[in-house]
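[1] sequence-free structure coming up:
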């Protein structure tokens with residue numbers, strides 16, 4: 001809401017007089033106040049940056065890494081074990097190897113971003129490589145696109161042939177995510 005007048009109208013004071021010094025001082029003050037006038041919108045952007053970084057830090061560890069573990073320990077072996085022909089098993093094996101390699105690459109990319117994002121989350125200066133951030137987003141989008149278009153439809157087809165296989169996978173995933181009661185001795 002820039003309501004500060006420009007100090008271009010210096011009035012009748014002649015150059016190099018004490019009055020000109022006051023005018024020059026006013027011009028500098030008004031320039032600084034115009035910069036300060038930008039602060040409210042920048043503060044909300046900084047707050048949003050901290051919020052996004054904080055949420056990403058928790059989400060990546062709790063959701064993305066766990067998702068990869070679920071796929072690699074539960075889904076991939078179930079689909080491989082249920083594949084019908086040798087050709088189908090070879091196809092599934094090649095796909096799961098590719099997806100697993102992509103998981104490691106994504107996790108490696110994340111690790112290079114994690115420390116700077118912790119600084120952002122705290123509102124501190126961070127040496128965040130924006131290109132690495134964009135690369136992670138693009139890499140994950142390509143990974144998820146391949147998995148959605150190629151692997152998951154094949155997994156659905158293979159596991160649907162035997163309802164027990166699909167049920168076993170569902171139960172295994174469910175049990176993994178059910179909180180375990182404390183052990184008693």
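    Received it, and whenever you're ready, just let me know what you need. Small disclaimer: the values here were computed from a predicted structure and weren't measured. Residues are numbered from 1 along each chain as shown.

[2] quick one, what contacts the residue positioned nearest the centre of the chain?
    With distances taken as Cα atoms, centre = their mean, residue 56 lies nearest the centre of the chain, 5.1 Å away. Going by Cβ atoms under 8 Å, 6 or more residues apart in numbering, residue 56 touches residue 117. For every residue, glycine as well, the C-beta is placed using N, CA and C.

[3] need the contact list for residue 65.
    With the criterion set at Cβ under 8 Å, 6+ apart, residue 65 makes contact with residue 107.

[4] Toward the C-terminus, what is the element adjacent to the host helix or strand of it?
    Residue 65 belongs to helix 65-70 when assigned by DSSP states H and E. Downstream of helix 65-70, the first helix or strand assigned by DSSP H and E is helix 76-82.

[5] In that following helix, which residues are buried?
    By neighbour count on 16 or more other Cβ atoms under 10 Å, the buried set for helix 76-82 is 76, 78-80, 82.

[6] re the thing from before, pull the distance from the helix or strand hosting the residue nearest to the centre of the chain to the chain's centre.
    Using DSSP H and E, residue 56 maps to helix 39-59. Distance of helix 39-59 from its chain centroid, counting by Cα atoms, centre = their mean, to the nearest Å, is 13 Å.

[7] ok now do the nearest residue in space to residue 93 that is not next to it in sequence, which residues does it touch?
    In this structure, residue 93 finds its nearest non-sequential neighbour in residue 80, 6.3 Å apart by Cβ to Cβ, 6 or more residues apart in numbering. Contacts for residue 80 (Cβ under 8 Å, 6+ apart) come out as 89, 92-93, 96.

[8] How about residue 54?
    residue 121.

[9] List the contacts of residue 82.
    Neighbours of residue 82 in contact, by Cβ under 8 Å, 6+ apart: 158-159, 161-162, 165.

[10] buried ones in the longest helix along the chain?
    For the chain, the helix that runs over the most residues, judged by DSSP state H, is helix 86-121. Neighbour-count burial for helix 86-121 flags 88-89, 91-92, 95-96, 99, 102-103, 106, 109-110, 113, 116-117, 120-121 (criterion: 16+ other Cβ under 10 Å).
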